[in-house]
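1. can't give you the sequence, but here's the structure:
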């Protein structure tokens, strides 16, 4: 069984996604977390910084956010100055797209996104789009379903042109009725917010999400978590309420663990899995190991042969074998630790360009499975593999 476990440890709430007993994702939240990620506010533009192509928007008194010009798409203003362009003093709807990370402000966007398990409603992209991770035939099937449902759910043509739909990877194989239920719920949420916005004052929070550990349930791939498991009755009630509203078809997956003889954290070795996820060194089965070192600007992953003793007569074959194993583990660790930004992997140098190409293909395929957008850029002249991963939340080591 591959559970998604939510439990209290060390006076915090931890979420573990396990696959074959090994953690592939760990998150840490304060018990009374006041995260603003995903919240929608009426913000006020305080300053326009043309030199960096961004505006600075205050969403709460004293809370300033970064709004790149590229994220000002189909903005919805509640108060607008004379200029058609954004200017200081304008009040508009913004959604927090990234938490504050180290010394950086939180980021916001005017592309409001309402999340469903299978589909998103977006105000910036006003078309019907489908996840790039799905095959052409499935994209066509899902697009046809939304095109068929939309006239019934949104008969008003002007309203229909005010938002779009993005079908998620989770929509793969989803039935028409399931997608319709998601669309109906998101439309209700959108209508409620848009009717309330003109009557609310600046700095109002128009939409705040559930606890982060509950919201992540909708971001899990459909086939990744077989159950949502907790040993805390209060957390169980919150998960059940969230799932029954957002994805009722998964309500049977919610379970309360009750075994006084074997605590949940011991049954799944959660403390040792957490310790590994913040350790600098990660050992491979072959005897090689990774050294993972986050810095202010980027994260470096160094691959070493370590105690590997096989293939002594053919070192290039040995290097290739260790690199493949290291690539699989690096992809897991990137997601496990929630690393983001620029990531450099220093693999063991190989003489064959063909081996390098095969390694890159293998790693690229693994990175595509990450729910957060992760891109293998290339291998540099110094044989460093460059990866970028979208910043959304703080990395695990920083939260802990």
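-> That came through fine. This is a predicted model, so every value here is computed, not measured. Numbering: from 1, shown residues only.

2. Report the helix or strand with the lowest average pLDDT across this structure.
-> Taking mean pLDDT, DSSP states H and E as the measure, the chain has helix 157-160 as its least confident helix or strand, at a mean of 81.

3. same for it, what does it pack against?
-> Helices and strands touching helix 157-160, as assessed by 3 or more CB pairs under 8 Å, 6 or more residues apart in numbering; DSSP states H and E, are absent. Quick note: C-beta positions are derived from backbone N, CA and C, even for glycine.

4. which residues touch the helix or strand containing residue 357?
-> Applying DSSP states H and E as the criterion places residue 357 in helix 353-367. Applying CB atoms under 8 Å, 6 or more residues apart in numbering, the external contacts of helix 353-367 come out as 316, 320, 323-324, 327-328, 330-331, 334, 345, 347, 350, 374-376, 379, 383, 385, 387.

5. Kindly supply the PyMOL command isolating those of those residues that are buried.
-> Applying 16 or more other CB atoms under 10 Å to those leaves a buried subset, and the PyMOL line that selects it is:
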select buried, resi 320+323+324+327+330+331+334+345+347+350+374+376+379+385+387
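
6. sorry, back to before: what angle sits between the next helix-or-strand element following the helix holding residue 357 and helix 353-367?
-> Along the chain past helix 353-367, the next helix or strand (assigned with DSSP H and E) turns out to be strand 374-379. Calculated by axes from the mean of the first three to the mean of the last three CA atoms, to 10 degrees, strand 374-379 forms an angle of 170 degrees with helix 353-367.

7. and strand 374-379, what does it pack onto?
-> helix 353-367, strand 384-389.

8. please redo it, this time with the cut-off set to 10 Å
-> Packing partners of strand 374-379 (3 or more CB pairs under 10 Å, 6 or more residues apart in numbering; DSSP states H and E): helix 315-336, strand 341-346, helix 353-367, strand 384-389.

9. Please enumerate the helices of the stretch 1-150 of the chain.
-> Counting by DSSP state H, counting those that start in this stretch, the stretch 1-150 of the chain has helices at residues 136-153.

10. shaky segments in the chain?
-> 33, 308-312 (pLDDT under 70).

11. which residue sits farthest out from the middle of it?
-> residue 313 (44.2 Å; CA atoms, centre = their mean).

12. Which residues are in contact with residue 1?
-> Applying CB atoms under 10 Å, 6 or more residues apart in numbering, we find residue 1 in contact with 18, 20, 21, 225, 226, 227, 229.

13. Which parts of the stretch 201-350 of the chain are strands?
-> Along the stretch 201-350 of the chain, the segments classed as strands by DSSP state E, counting those that start in this stretch run 205-207, 227-230, 254-256, 281-283, 289-294, 298-304, 341-346.

14. These into TSV, with extra columns for distance to residue 82?
-> TSV is the format used below for the strands of the stretch 201-350 of the chain (distance: least, CB to CB, whole Å):
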stretch	distance to residue 82
strand 205-207	26
strand 227-230	51
strand 254-256	53
strand 281-283	58
strand 289-294	46
strand 298-304	43
strand 341-346	39
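
15. Please work out which of those is packed deepest.
-> strand 227-230 (a mean of 22; mean count of other CB atoms under 10 Å).

16. Which neighbouring elements make contact with that one?
-> Short answer (3+ CB pairs under 10 Å, 6+ apart): strand 227-230 packs on strand 3-9, strand 12-19, helix 233-246, strand 254-256, helix 264-267.

17. Show me what counts as buried in the second one.
-> Taking 16+ other CB under 10 Å as the neighbour-count basis, strand 12-19 is seen to contain the buried residues 13, 14, 15, 16, 17, 18.

18. Switch these over to CSV; also include distance to residue 32.
-> Shown next, in CSV, are the buried residues of strand 12-19 (distance: CB to CB, whole Å):
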residue, distance to residue 32
13, 10
14, 15
15, 16
16, 21
17, 23
18, 26
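
19. Closest to residue 236 out of these?
-> Nearest to residue 236, judged by CB to CB, of the buried residues of strand 12-19 is residue 13 at 12.7 Å.

20. Quick check, the closest one in contact with residue 30.
-> Yes. With contact defined as CB atoms under 10 Å, residue 13 reaches residue 30; the gap is 7.4 Å.
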